[in-house]
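Engineer: 3D, please:
(one chain, ligands or ions: 2)
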Amino acid sequence: MSSSLARRAEPIAAVATAAGRGAVGIVRASGRDLRGLVRGVCGVEPQPRHATLLGFRNARGELIDSGLALWFPAPHSYTGEDVLELQVHGGPGVLQLLLQRVLELGGAQGMRLARPGEFTERAFHNGKLDLAQAEAVADLIEATTGAAVLGAQRSLAGEMSRQVQALAAELRELRALVEATLDFPEEDLEFVQAHAVADRLGRALRDLRALQARTRQGALLREGLHVVLAGQPNVGKSSLLNALAGAELAIVTDVPGTTRDRLRESIQIEGVPLHVIDTAGLRDTCDTVEKVGVQRSWEAIAGADAVLLVHDLARLDEPAYLEGEERIVRQLRERGVEAARLLHVWNKTDVVGRQRALQLARQAASRLGAEAADAPAPLLLSARHQQGLQALRGELLRRCGWQSMPEGVFLARTRHVLALQGCEQHLLQAGAWLEPPRPALELLAEELRLGHQALMEITGEVSADDLLGDIFARFCIGK
Ligand SMILES: Nc1nc2c(ncn2[C@@H]2O[C@H](COP(=O)(O)OP(=O)(O)OP(=O)(O)O)[C@@H](O)[C@H]2O)c(=O)[nH]1
Ligand SMILES: [Mg+2]
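Structural biologist: Numbering: from 1, shown residues only. Ligands and ions are numbered 1, 2, ... in the order given. Down below sits the predicted model:
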């Protein structure tokens, strides 16, 4: 028996509720045969799947607490094994004594403390959940916004898994078609059959792309977007952070070089998390501290999904200021910040008025080679007066490819996005082998096999042990 199989044979127990005090706390145990343990802890065998009020006692017969016992004999339980849940008063002392008692009574069977996520891992191994659904359990617990909760529920209910399975079924049929031909080496892929394969491959690619679009939205909803506020000193970056967050987080003064270090804040737009970083103004400086700050600004920019380059409309007609703008745009380009990641915003509209602001922004944009990025219109803001924020929020969502989907978004992870990308590459390669003169059918079959395999990584039908270890280690204990 491999060590991971041996570990799965041992019964496990843990406190399932969060650490600290609460009205109710839960101790949970799972194992292949918990009947002995149940009688030991409860004194009787409670009716399955009913709440039974009982007293739970220590080895000397003293009452630890009275509470509810919930008994789920296998296979009708969360893990698919026998599961016992005990609900008692939610104090750390009570829960520890009760957990100790459970471990003691299960000792003969090798009962031990559960590792993080081990209950869910067992549910996965016993076919109660696939891997994407197991991940959704963790995501549901982690969800902090309404949109994330609903998205995680959709994944947990299997919305993503069903789409993955449907696509996998298409690929299985396609592989069968190609491999049937492989079994008869003297017959080449006939013209008609080649058409059938090409047709099916085209359909599979279309379905894959639809799934990719939904999955990307789901990953965005889970992981959010990293946005950096950049620009020269005193243009209003910190004011913009405060305006977006709706709170006075960053220090704002009229002294250039106020912000010395990066400041992070997570906000949300339509439920999409936005991790915003305010940075030190970009300029050449002799001040040692500010120098480090500017260095950190560049580091933040390098790791950003989007860079909001803030311009000060009130100074756009000053040659020295404009030169600074040109230098920053040049440096951004040199550091590989492509136009798609760069968003120009024009601040302090209130100082110059809207008409003049539009004119100044257009002139400067043309000088900075930023007109295309400004389409359809420059983003005019007044961070101080909280104006223009709605348009900015909308543009940020548009840039990151967010679309509200009528059928609802399911929560997804970067892991899923990458698996689908892998599948796409193999299917495209398979398509290339299909072109005349179709050099070798084996290559086509192999690409389809690899594509299929990449897809099955999502639901965990194909998965390496260390991937599973990685995923479940991030759960909390008791789940
Ligand atoms: N009139 C007006 N003033 C603004 C606006 N936004 C910011 N300011 C003022 O501009 C000055 C600089 O604002 P900050 O937000 O500190 O600018 P910053 O870009 O963070 O500056 P550093 O941290 O020094 O790089 C402050 O006096 C702000 O009140 C605006 O929309 N209109
Ligand atoms: Mg600042």
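Engineer: Can you report phi and psi for Leu113?
Structural biologist: Backbone torsions for Leu113, taken as degrees, to the nearest 10, come to phi -70, psi 140.
Engineer: Tell me which stretches of the stretch 101-250 of the chain form strands.
Structural biologist: With DSSP state E, counting those that start in this stretch applied, the stretch 101-250 of the chain shows strands at 112-113, 225-230, listed in chain order.
Engineer: Using TSV, please lay out these together with mean neighbour count, mean pLDDT and distance to Glu299.
Structural biologist: To be clear about C-beta, it is placed using only N, CA and C from the backbone, and glycine gets the same treatment. Formatted as TSV, the strands of the stretch 101-250 of the chain follow (neighbours: other CB atoms under 10 Å; pLDDT from 0 to 100; distance: least, CB to CB, whole Å):
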stretch	mean neighbour count	mean pLDDT	distance to Glu299
strand 112-113	14	96	41
strand 225-230	24	94	10
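Engineer: Could you dump the ones you listed into a markdown table and include distance to Leu444?
Structural biologist: Listed next are those as a markdown table, based on distance: least, CB to CB, whole Å:
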| stretch | distance to Leu444 |
| --- | --- |
| strand 112-113 | 49 |
| strand 225-230 | 39 |
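Engineer: mind checking which of the ones you listed is nearest Asp317?
Structural biologist: Minimum separation from Asp317 across the strands of the stretch 101-250 of the chain (CB to CB) falls at strand 225-230, 21.6 Å.
Engineer: got the contact list for the closest one?
Structural biologist: 237-238, 240-241, 272-279, 282, 297, 300-301, 303-310, 328, 396, 400 (CB atoms under 8 Å, 6 or more residues apart in numbering).
Engineer: Near ligand 1, which residues of the stretch 151-300 of the chain? Just list them.
Structural biologist: 231, 233-239, 252-254, 256-259, 280-281 (CB under 6 Å from any ligand atom).
Engineer: Sitting in helices, which of the residues you listed do you find?
Structural biologist: Lys237, Ser238, Ser239 (DSSP state H).
Engineer: right, and out of the residues you listed, which lies closest to Val41?
Structural biologist: When these are compared for distance to Val41 (CB to CB), Ser238 wins out at 57.4 Å.
Engineer: That closest one against Asp261, yeah?
Structural biologist: No - using CB atoms under 8 Å, Ser238 is not in contact with Asp261, being 11.5 Å away.
Engineer: who's more crowded, these two?
Structural biologist: Ser238 (25 against 13; other CB atoms under 10 Å).
Engineer: nearest residue to that one other than its sequence neighbours?
Structural biologist: Counting by CB to CB, 6 or more residues apart in numbering, Ala250 is the residue found nearest to Ser238 once chain neighbours are left out, at 3.7 Å.
Engineer: what do you get for Ala412?
Structural biologist: Per CB to CB, 6+ apart, closest to Ala412 is Gly218, 3.1 Å.
Engineer: Could you give the number of residues near that neighbour?
Structural biologist: 27.
Engineer: Can you point out the buried residues in stretch 20-40?
Structural biologist: Along stretch 20-40, these residues count as buried under the neighbour rule (16 or more other CB atoms under 10 Å): Gly25, Ile26, Val27, Arg28, Ala29, Ser30, Gly31, Leu34, Leu37, Val38, Gly40.
Engineer: So how do I select the buried members of the contacts of strand 225-230 in PyMOL?
Structural biologist: Remark: buried members of the contacts of strand 225-230, expressed as a PyMOL selection using 16+ other CB under 10 Å:
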select buried, resi 237+238+240+241+272+273+274+275+276+277+278+279+282+297+300+301+304+305+306+307+308+309+310+328+396+400
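Engineer: Do a quick rundown of the helices in the stretch 301-450 of the chain.
Structural biologist: Using DSSP state H, counting those that start in this stretch, the helices of the stretch 301-450 of the chain run over 319-334, 349-352, 354-368, 371-374, 389-399, 414-434, 441-459.
Engineer: and those helices, which one's lowest on average pLDDT?
Structural biologist: Of all the helices of the stretch 301-450 of the chain, mean pLDDT reaches its minimum on helix 371-374 (a mean of 63).
Engineer: Can you tell me, leaving aside adjacent residues, what's nearest to whichever residue of the stretch 351-479 of the chain sits closest to ligand 2?
Structural biologist: Residue of the stretch 351-479 of the chain nearest ligand 2, by CB to the ion: Ala383 (10.7 Å). Leaving aside its chain neighbours, Ala383 sits nearest to Ser239 (3.8 Å; criterion: CB to CB, 6+ apart).
Engineer: burial measure for the one you found, as a count.
Structural biologist: Ser239 has 24 neighbours, counted by other CB under 10 Å.
Engineer: where does it land on pLDDT?
Structural biologist: pLDDT, Ser239: 97.
Engineer: pretty sure it is touching Val252, no?
Structural biologist: Yes - with contact defined as CB under 8 Å, Ser239 reaches Val252; the gap is 5.1 Å.
Engineer: pLDDT wise, what is Leu205 at?
Structural biologist: Looking at Leu205, its pLDDT reads 97.
Engineer: Settle this for me: it is touching Gly431, isn't it.
Structural biologist: Yes - using CB under 8 Å, Leu205 is in contact with Gly431, at 7.5 Å.
Engineer: ok, now how distant is Leu332 from ligand 1?
Structural biologist: 16 Å (CB to the nearest ligand atom, to the nearest Å).
Engineer: Now do the contacts for that residue.
Structural biologist: Contacts of Leu332 by CB under 8 Å, 6+ apart are Ile301, Val307, Leu309, Leu342.
Engineer: who in the stretch 251-400 of the chain is up against ligand 2?
Structural biologist: By the rule CB under 5 Å from the ion, the part of the stretch 251-400 of the chain lying against ligand 2 is Thr258, Thr259.
Engineer: which ones are touching the residue in the stretch 251-400 of the chain that ligand 2 sits nearest to?
Structural biologist: Relative to ligand 2, the nearest point of the stretch 251-400 of the chain is Thr259 (3.0 Å; CB to the ion). Thr259 makes contact with Lys237, Ser238, Ala250, Ile251, Asp278, Thr279, Ala280, Gly281, Gly293, according to CB under 8 Å, 6+ apart.
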